[in-house]
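[1] Need a 3D model of the following:
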Amino acid sequence: MSANSLGLLLKAFRLPTMAQIHERVAQQAEQQGWGYHKFLQHLCEAEAQDRAERKLERLLKQAENSPLLWISWEKHELMLRKFKMN
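    Alright, predicted model coming up:
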C-alpha cells in the first residue's frame, strides 16, 4: 500500500489529521526507531487533540448566539450548561 492510498483511506474513515500528518510522522518514527504501537498512538493522540480543539471552536461559535453562562472542563470533555433566561 502506498502512502497516497493510506492517506485516501484515512480521509475515507474521516481521520483528517491522521491523513495530513501520517507521512511526516512515519518518517519521524523510522528515524527515531519507534515501534508500530508508538507510531499509531502518536497519530491517534494528534487526531484526538485536533478533534477536541475543533469541537471547542464549534461549540463556542454556536454559543455566541445562545445564552451561554458557563463553560467548564471536566475529564477533558467540554460541558456546556445553559440556563433558562427569563
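
[2] what's the burial count for residue 59?
    Applying other C-beta atoms under 10 Å, we find 14 residues neighbouring residue 59. Where you see a C-beta, it was placed from the backbone N, CA and C, and this is true even at glycine.

[3] I should have written residue 18 there, sorry.
    Look at residue 18: counted by other C-beta under 10 Å, it has 22 neighbours.

[4] Where does it fall, secondary structure wise?
    helix 16-32 (DSSP states H and E).

[5] any idea where the strands of the chain begin and end?
    Remark: strands assigned in the chain by DSSP state E are 68-74, 77-82.

[6] And the average pLDDT for the longest one is what?
    Per-residue pLDDT values over strand 68-74 give a mean of 47.

[7] longest helix in this protein, by residue count?
    The residue-count maximum for a helix in the chain (DSSP state H) belongs to helix 36-63.

[8] just the angle between that helix and helix 16-32, please?
    150 degrees (axes from the mean of the first three to the mean of the last three C-alpha atoms, to 10 degrees).

[9] could you say what helices and strands helix 36-63 packs with?
    Applying 3 or more C-beta pairs under 8 Å, 6 or more residues apart in numbering; DSSP states H and E, we find helix 36-63 packed against helix 16-32, strand 77-82.
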